[in-house]
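**Student:** Okay, predicted coordinates and the sequence, questions at the end:
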Amino acid sequence: MERDRSDARSKRLEVFESYRELFASAPIRLMSRTASTMQSLGYDDLATAIGDLDWRTVPADDPEDPNLRQDWGSLLSTSFEHMGGWLCQLSPHPMGYNLDSLGYATVVRGWSEMWSHQLGLRFENVARATPQIFVFHGGNQALQAAFLGVSEARRDRVGTAEAATVLVPIPTFPCPLDQMALQGMKVHLLAPQDRGMDPDAADVAGVPEGTEIDGVYLMPVNNPTGRTLEPARLKAFVGAVLDRWPHAAIILDSVYVRLHPRDRELVAWYEEDPRFADAVIFIDSLSKTHGVTGLRAGALLTRSARLAGGIIRYAQNIMAGPSNAMQAVMLSLIAPFVTGDRELAEQRIRLQLRIGRHLQRRRRLLLRRAFMRYPNLLDHDQPLLPDPTGFDWEGSMYADLRLSDTCAKVADEAGVSPTVGFYLETGIAGVPLEAFCSNPNLKRHGLIVNDDDAGLARFQEDAKRFVRLSFGMTPPPRE
Ligand SMILES: Cc1ncc(COP(=O)(O)O)c(C=O)c1O
């Protein structure tokens, strides 16, 4: 028994050593690729803990929703078969592939109707008016377009002397930080006052006088914390930003909203203040709601003409984004919204919510197990868990656990971070919360405008005590 434990630990150490760099700072997609590589090398347990994001790994044994696997699977398989039919039609005349768009206008209509039907917000592309919907290769590319829109709007406003600055409440999804670094944007990292680390309107006052803000990046449902930002609080935060910087763009990364039972309510405030139409850019994706991360299907929705200039130019330059093949799959996935089949559209919305609930249940199950098996490695105070006893709350499929003093000590003795120490002891692998609170590429280029802020440094240091676990399409660690 003792011997097995020590074998498992040394194998974990071997895995960790071979992926030290990635483990410390890799964005999530890289982590999942790492997981696939490791699986092929036979290292099952880290791979299973991180998950390979493949829909086939969704277990069949969800007692609350035993048909989910079947319903979800058949939606995906029919959509991918639909692509096969489309390709068969094209293959006799391959020059047809030179068309960059077979159904772009219809795909756009699908997103338009899906938002209108599920979320009650209407965005439309109308002839001779500024487009309000842009479809891209996933939410991440839509984000890249949004940042280009922010930069171009700044140039239009004040010229090219200084790069745009984005205000980012942390902890935050790391990919956008990397994109901002690539685009040479400046970033003000906004540490939260709240124990639950939700952004709050009062935090805005902490940005020093004289700081110019051109855009904000934040999420109604947070990755990494897995928490839902109360809509009134989100509205107040957006209002506080616009009171101070009326020209600022607000990028709301909403890829988890359509999985959430309070979907409409989370964004309904958008209609309540006329300033929001000109400021807000929504980002959406099918990656999470349909479990198709690899498909790359996302969209940007905005009513702002002022922010659309850079986005339009970018979308035109890349031939409007989605390939024919991806348009075919996407069309099939969102077809009921295009055809106006209300009953089927409702069924699809219910399926998204069931997927959301399923992820929530997986999180509950795995957290319960982790707390039962490793009580001494986890702190009794868990400020980031909205439900630290039942482990059951609505939000994205993540949880940030605070590790105990014992865990920190064990890690210290092994010369690794608390997150890695926790992994070595348990086989449960996550990402240190610190990786969601800064970005090495922004730092390297001196792009973090408040990098010398002692309060920010303290917050980032404290974040090392938390591990971010993902309960996406992640199967439980093998015993
Ligand atoms: C908040 C957030 N936005 C965007 C994405 C990326 O979405 P996509 O796969 O569509 O690029 C993710 C994926 O983890 C995410 O968590």
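**Tutor:** Cool, got the structure.
**Student:** Hmm, W111 and I133 touching each other?
**Tutor:** Yes. When contacts are counted by CB atoms under 8 Å, I133 is listed as touching W111 (5.4 Å). From N, CA and C alone the C-beta is placed, and that goes for glycine too.
**Student:** of these two, who's got more company?
**Tutor:** W111 (26 against 20; other CB atoms under 10 Å).
**Student:** Please tell me how far that one sits from A146.
**Tutor:** W111 sits 15 Å away from A146, going by CB to CB, to the nearest Å.
**Student:** my read: Y270 touches V280, true?
**Tutor:** Yes. Using CB under 8 Å, Y270 is in contact with V280, at 6.1 Å.
**Student:** Which residues are in contact with the residue of the stretch 351-479 of the chain at minimum distance from the ligand?
**Tutor:** Using CB to the nearest ligand atom, S396 is the residue of the stretch 351-479 of the chain that sits closest to the ligand, at 6.9 Å. S396 sits next to 221-223, 226, 256, 259, 288, 359 when contact means CB atoms under 8 Å, 6 or more residues apart in numbering.
**Student:** Just say helix, strand or coil for D284.
**Tutor:** On the three-state scheme (DSSP: H, G, I helix; E, B strand; the rest coil), D284 is labelled strand.
**Student:** neighbours of it, just the number please.
**Tutor:** Using other CB under 10 Å, D284 has 28 neighbouring residues.
**Student:** if I pick it, what's in contact with it?
**Tutor:** By CB under 8 Å, 6+ apart, the contact set of D284 is 111, 115, 139, 142, 254-255, 257-258, 298-301.
**Student:** Looking at these, spot the one nearest the ligand.
**Tutor:** The closest of those to the ligand turns out to be G139 (CB to the nearest ligand atom; 3.2 Å).
**Student:** ok so, going back, between which two of the contacts of S396 is the distance greatest?
**Tutor:** Of all pairs drawn from the contacts of S396, the widest gap by CB to CB lies between N222 and L359 and measures 14.3 Å.
**Student:** pull the helix or strand with minimum mean pLDDT from this structure.
**Tutor:** The helix or strand of the chain with the poorest confidence is helix 44-50; it has a mean of 47 (mean pLDDT, DSSP states H and E).
**Student:** Please work out the average pLDDT along the following helix or strand past it.
**Tutor:** Moving toward the C-terminus from helix 44-50, the next helix or strand (DSSP states H and E) is helix 68-90. The pLDDT scores in helix 68-90 average 80.
**Student:** pull the CA atoms of helix 68-90 into PDB?
**Tutor:** Backbone C-alpha positions of helix 68-90 (Å, rounded to 0.1, in the frame of the first residue of the first chain) are rendered in PDB as follows:
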ATOM      1  CA  LEU A  68     -27.700  13.200 -21.700                       C
ATOM      2  CA  ARG A  69     -24.800  11.300 -23.200                       C
ATOM      3  CA  GLN A  70     -27.200   9.900 -25.900                       C
ATOM      4  CA  ASP A  71     -28.900  13.200 -26.700                       C
ATOM      5  CA  TRP A  72     -25.600  15.200 -26.700                       C
ATOM      6  CA  GLY A  73     -23.800  12.600 -28.800                       C
ATOM      7  CA  SER A  74     -26.500  12.300 -31.400                       C
ATOM      8  CA  LEU A  75     -26.700  16.100 -31.800                       C
ATOM      9  CA  LEU A  76     -23.000  16.100 -32.500                       C
ATOM     10  CA  SER A  77     -22.800  13.000 -34.700                       C
ATOM     11  CA  THR A  78     -25.700  14.200 -36.900                       C
ATOM     12  CA  SER A  79     -24.000  17.600 -37.300                       C
ATOM     13  CA  PHE A  80     -20.700  16.100 -38.300                       C
ATOM     14  CA  GLU A  81     -22.500  13.700 -40.700                       C
ATOM     15  CA  HIS A  82     -24.200  16.800 -42.200                       C
ATOM     16  CA  MET A  83     -20.700  18.000 -43.000                       C
ATOM     17  CA  GLY A  84     -19.900  14.700 -44.700                       C
ATOM     18  CA  GLY A  85     -23.000  15.200 -47.000                       C
ATOM     19  CA  TRP A  86     -21.900  18.700 -47.800                       C
ATOM     20  CA  LEU A  87     -18.300  17.600 -48.600                       C
ATOM     21  CA  CYS A  88     -19.700  14.800 -50.900                       C
ATOM     22  CA  GLN A  89     -21.700  17.500 -52.800                       C
ATOM     23  CA  LEU A  90     -18.600  19.600 -53.200                       C
END
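**Student:** Can you give me the buried ones in it?
**Tutor:** Of the residues in helix 68-90, 68-69, 72, 75-76, 79-80, 82-83, 86, 90 count as buried by neighbour count, 16 or more other CB atoms under 10 Å.
**Student:** Spell out which residues of the stretch 201-350 of the chain are next to the ligand.
**Tutor:** With CB under 6 Å from any ligand atom as the criterion, the stretch 201-350 of the chain meets the ligand at residues 219, 223, 253, 255, 285, 287, 293, 298.
**Student:** Among those, show me the least confident.
**Tutor:** Ranked by pLDDT, those bottom out at T293 (78).
**Student:** how many other residues sit next to that residue?
**Tutor:** T293 has 21 neighbouring residues, counting by other CB under 10 Å.
**Student:** separation between the residue nearest to it when sequence neighbours are not counted and S6?
**Tutor:** Nearest non-adjacent residue to T293, counting by CB to CB, 6 or more residues apart in numbering: S287, 4.4 Å away. The gap separating S287 from S6 is 39 Å, by CB to CB.
**Student:** same deal with E212?
**Tutor:** From E212 over to S6 (counting by CB to CB), the distance is 56 Å.
**Student:** neighbour-wise, which of those two wins?
**Tutor:** E212 (16 against 10).
**Student:** Next one, pLDDT for the residue lying closest to the residue of the stretch 351-479 of the chain closest to the ligand once chain neighbours are set aside please.
**Tutor:** With CB to CB, 6+ apart as the criterion, S396 has its nearest non-adjacent residue at 4.2 Å, and that residue is Y256. Here, the pLDDT recorded for Y256 equals 97.
**Student:** likewise the one 3 residues further on?
**Tutor:** As predicted, L259 sits at a pLDDT of 95.
**Student:** That one against G356, yeah?
**Tutor:** Yes. In this structure L259 lies within contact range of G356 using CB under 8 Å: 3.2 Å.
**Student:** can you list residues touching both of these two?
**Tutor:** Overlap of the contact sets of L259 and G356 (by CB under 8 Å, 6+ apart) consists of T289.
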